[in-house]
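[1] have a look at this fold, sequence not included:
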Ligand SMILES: NC(=O)c1ccc[n+]([C@@H]2O[C@H](COP(=O)([O-])OP(=O)(O)OC[C@H]3O[C@@H](n4cnc5c(N)ncnc54)[C@H](O)[C@@H]3O)[C@@H](O)[C@H]2O)c1
Ligand SMILES: N[C@H](CO)Cc1c[nH]c[nH+]1
Ligand SMILES: [Zn+2]
């Protein structure tokens with residue numbers, strides 16, 4: 001079931017196919033479905049939201065019921081056991097500590113002739129956070145999205161998440177939201193939720209930036225509304241790429257591969273190893289673990305379509321192939337992981353050594369688990385405080401400094417044929 005490839009060319013083409021899986025020809029109709037959903041929500045607002053929620057989530061309600069009420073928020077605390085509440089609080093604390101470590105700071109530079117230059121950071125006014133809810137409930141994702149928004153100083157945080165059975169939202173999600181200080185929550189998911197946040201409806205306010213992971217519909221929708229609003233990244237179906245050598249434990253590697261595959265039938269799990277014995281043992285372990293897996297059907301599909309083992313000649317080749325894939329998560333299950341790090345150029349998060357399963361980062365190590373997928377790590381990074389900030393450039397020139405650069409500006413304005421630009425400097429010089 002889990003294919004083992006030994007030829008480099010075949011490995012490269014498989015890696016490309018898996019990386020591009022959301023852009024593949026078979027997905028084109030999903031792109032069109034998403035466009036239609038977005039345009040309909042834009043034109044019809046709540047009516048469209050409620051219709052799509054009935055169609056895709058099988059839940060019917062009115063506009064007034066879209067927002068989670070205060071009493072539901074209170075009730076959620078009664079349903080979450082003490083141990084889980086403590087785990088949520090612990091994760092919150094560790095994620096917050098990490099995100100506070102490197103908050104971009106405004107700065108000014110005082111140069112010659114009283115020139116002042118700098119950058120001033122300000123948060124967006126309103127952020128929309130998407131918490132997936134189709135195939136699993138993600139209280140951890142609530143923390144990963146809400147905490148950096150809070151640390152950035154965003155005043156208005158609007159959370160959306162699909163309704164489960166009986167229109168309810170998983171209580172752990174509602175508790176995590178409250179622990180993180182988010183109280184404006186709407187039960188709507190999929191592309192329709194992204195459209196509502198991007199354009200606003202009668203009930204759901206328009207925001208400036210939308211963050212959070214999701215399935216193919218959510219991811220394509222975020223891609224389509226980008227520009228109208230900011231987004232974090234293409235945080236789509238999960239992926240892990242593991243580089244392992246003979247020192248790796250095949251049971252750990254197999255478990256880590258399944259830990260991604262169980263997210264979604266489009267999740268990707270790739271192993272690159274220089275040890276063919278390990279390759280065979282991992283493949284056997286994956287099959288064995290799948291037999292009793294509670295999410296077997298979906299996990300098996302992911303492994304069959306987007307699972308892969310490549311036997312490479314050496315770890316340098318593994319690093320090259322990994323860079324071609326640019327994984328969301330990279331695990332280095334090798335004897336000398338720090339020696340390979342310099343060769344890794346594109347990866348959302350790197351998990352180093354045998355005792356660092358990716359799950360530690362999923363829940364509470366501190367760094368964000370909302371990460372670019374499908375090649376996005378070539379040009380983008382983990383969700384962070386900076387996702388919710390923009391910066392304005394600061395420029396101040398003294399009369400003396402203006403005089404000094406006026407000649408160069410005059411030549412440039414002439415070259416561009418823009419006389420008023422030239423006048424705006426020349427007229428000031430007359431008064432100096
Ligand atoms: N990259 C990351 O950082 C990260 C983190 C956590 C989870 N994930 C990923 O998030 C995703 C979560 O997916 P999920 O499905 O569990 O939840 P989801 O909330 O992303 O998607 C569920 C929604 O999809 C919509 N939908 C379902 N079928 C549809 C159809 N046929 N047409 C139109 N819309 C449809 C429904 O509206 C439903 O509410 C997984 O792919 C998981 O791997 C990624
Ligand atoms: N692995 C996911 C990101 O792709 C994050 C997550 C949340 N809960 C469990 N896992
Ligand atoms: Zn996970």
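    Everything's here; your move. Keep in mind that what you see is a predicted model, and the values were worked out from it rather than measured. Ligands and ions are numbered 1, 2, ... in the order given.
[2] report pLDDT for the residue in the stretch 101-250 of the chain positioned nearest to ligand 2.
    Using CB to the nearest ligand atom, residue 238 is the residue of the stretch 101-250 of the chain that sits closest to ligand 2, at 3.3 Å. In this view, the C-beta of every residue, glycine as well, is placed from N, C-alpha and C. The score at residue 238 is 96. That number is its pLDDT.
[3] so what's the residue nearest to residue 179 when sequence neighbours are not counted up against?
    Spatially, and ignoring its direct neighbours in sequence, residue 179 is nearest to residue 92 (5.1 Å; CB to CB, 6 or more residues apart in numbering). By CB atoms under 8 Å, 6 or more residues apart in numbering, the residues touching residue 92 are 143, 147, 176, 179, 180.
[4] can you tell me which of those residues are buried?
    Among these, the ones that count as buried by 16 or more other CB atoms under 10 Å are 143, 147, 176, 179, 180.
[5] got the residues of the protein near ligand 2?
    Residues of the chain lying close to ligand 2 (CB under 6 Å from any ligand atom) are 138, 140, 141, 238, 328, 362, 369.
[6] the last one: neighbour count?
    The local packing count at residue 369 equals 27, with neighbours defined by other CB atoms under 10 Å.
[7] and for the third one?
    Here the count is done by other CB under 10 Å, and residue 141 has 28 residues near it.
[8] for the helix or strand hosting it, packing partners?
    For residue 141, the host element (DSSP states H and E) is helix 139-152. When contacts are defined as 3 or more CB pairs under 8 Å, 6 or more residues apart in numbering; DSSP states H and E, helix 139-152 sits against helix 82-101, strand 126-130, strand 156-161, helix 171-179.
[9] please identify the most buried of those.
    Across the helices and strands packed on helix 139-152, averaging neighbours per residue (mean count of other CB atoms under 10 Å) puts strand 126-130 on top, at a mean of 28.
[10] just to revisit the earlier point, distance to residue 411 for the residues of the chain next to ligand 2 - can I get that in JSON lines?
    Converted to JSON lines, the residues of the chain next to ligand 2 look like this (distance: CB to CB, whole Å):
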{"residue": "138", "distance to residue 411": "57"}
{"residue": "140", "distance to residue 411": "57"}
{"residue": "141", "distance to residue 411": "54"}
{"residue": "238", "distance to residue 411": "54"}
{"residue": "328", "distance to residue 411": "49"}
{"residue": "362", "distance to residue 411": "57"}
{"residue": "369", "distance to residue 411": "52"}
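[11] re earlier: possible to save the buried ones among the contacts of residue 92 as a markdown table with pLDDT?
    Shown next, in a markdown table, are the buried ones among the contacts of residue 92 (pLDDT from 0 to 100):
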| residue | pLDDT |
| --- | --- |
| 143 | 98 |
| 147 | 98 |
| 176 | 98 |
| 179 | 98 |
| 180 | 98 |
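[12] for stretch 385-401, the distance to its chain's centre please.
    Relative to its parent chain, stretch 385-401 has a centroid offset of 28 Å by CA atoms, centre = their mean, to the nearest Å.
[13] start to end distance for it?
    This stretch, stretch 385-401, spans 36 Å end to end (CA to CA, to the nearest Å).
[14] buried ones in that stretch?
    Applying 16+ other CB under 10 Å to stretch 385-401 flags 385, 387, 388, 389, 397, 401 as buried.
[15] next, count neighbours for the residue lying closest to the second one once chain neighbours are set aside.
    Setting aside the residues directly before and after it, residue 387 is nearest to residue 232 in space (CB to CB, 6+ apart), at 4.9 Å. Other residues within reach of residue 232 by the criterion other CB under 10 Å amount to 28.
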